[in-house]
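**Student:** dropping a prediction and its sequence here:
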2 protein chains.
Amino acid sequence: MIKTFVEEQTAAELAELFRALGDTSRIQMLAALVEGEQNVGALAEQAGISESATSHHLRHLRQMRLVRTRKEGRRVFYMLDDEHIAELFRCGLDHVQHG
Amino acid sequence: MIKTFVEEQTAAELAELFRALGDTSRIQMLAALVEGEQNVGALAEQAGISESATSHHLRHLRQMRLVRTRKEGRRVFYMLDDEHIAELFRCGLDHVQHG
């Protein structure tokens, strides 16, 4: 008998997490965020898409707890939610570049 | 001016890698493979899908260089392609479970 290594619910959440990362614009945004916090304008420029499209992606990335925000007066800065995300990004990059 | 942190081609490959992981059955299969090499039957049982569907997923995972095979006579064993994949899986799991 096979042990169930990952609960069905956990597997579904993990798949959803990876799907959220499965977009070139989001990858470009995360690449910038690995370097440090950024505002929407910088992320839009990095991804080569409009600020409106960038905000849309950021909303989804926040819902998935991949990014979080910091407010400074009226200015909003985005950053990676935790170190796991940077690790996830670097592991993927290592695989793609040297795998 | 914003530095381009990741080449467009690399970002696209990375997004494709994450998309390949964005499926619950594949996550179940990878969860089993993190523990060690497995045959198709064991992976099918783990994912709760048919061996035919499992083979289909495995072909795609091999194309993406996420898994590789080892033959022993007529028997075929699947394993993770490299340690990056296990790391990728563990980072994602950490985020989902404790993030």
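**Tutor:** Sure thing, it's come through. Numbers count the residues shown, from 1 in each chain, chains lettered A, B, ... in the order given.
**Student:** list the buried residues of the longest helix anywhere in chain A.
**Tutor:** Across chain A, the longest stretch assigned as helix under DSSP state H is helix A:83-98. Judged by neighbour count using 16 or more other C-beta atoms under 10 Å in any protein chain shown, the buried positions of helix A:83-98 are A:His84, A:Ile85, A:Ala86, A:Glu87, A:Leu88, A:Phe89, A:Cys91, A:Gly92, A:Leu93, A:His95, A:Val96. (C-beta placed from N, C-alpha, C; glycine too.)
**Student:** near chain B too, which of these?
**Tutor:** The subset of those within reach of chain B, by C-beta under 8 Å from any C-beta of the partner chain, is A:His84, A:Ile85, A:Glu87, A:Leu88, A:Phe89, A:Cys91, A:Gly92, A:Leu93, A:His95, A:Val96.
**Student:** give the full set of residues in contact with the closest residue in space to the first one that isn't next to it in sequence.
**Tutor:** Which is A:His84. In this structure, A:His84 finds its nearest non-sequential neighbour in B:His95, 4.2 Å apart by C-beta to C-beta, 6 or more residues apart in numbering or on different chains. Going by C-beta atoms under 8 Å, 6 or more residues apart in numbering or on different chains, B:His95 touches A:Leu17, A:Arg65, A:Asp81, A:Asp82, A:His84, A:Ile85, A:Leu88.
**Student:** show the pLDDT at B:His95.
**Tutor:** On pLDDT, B:His95 comes in at 87.
**Student:** for A:Ile2, same thing?
**Tutor:** pLDDT, read off for A:Ile2, is 47.
**Student:** A:His98 now?
**Tutor:** 77.
**Student:** separation between it and B:Arg65?
**Tutor:** Noted for A:His98: a distance of 11 Å to B:Arg65, by C-beta to C-beta, to the nearest Å.
**Student:** repeat for A:Leu80
**Tutor:** Distance of A:Leu80 to B:Arg65, computed by C-beta to C-beta: 26 Å.
**Student:** and those two? Which one has more around it.
**Tutor:** Comparing A:Leu80 with B:Arg65 by other C-beta atoms under 10 Å in any protein chain shown, the one with more neighbours is A:Leu80, at 20 against 16.
**Student:** could you check how far that one is from chain B?
**Tutor:** Counting by C-beta to the nearest C-beta, to the nearest Å, the gap from A:Leu80 to chain B is 11 Å.
**Student:** that residue reaches A:Ala31, doesn't it?
**Tutor:** No - counting by C-beta atoms under 8 Å, A:Leu80 sits too far from A:Ala31 to count as a contact (10.8 Å).
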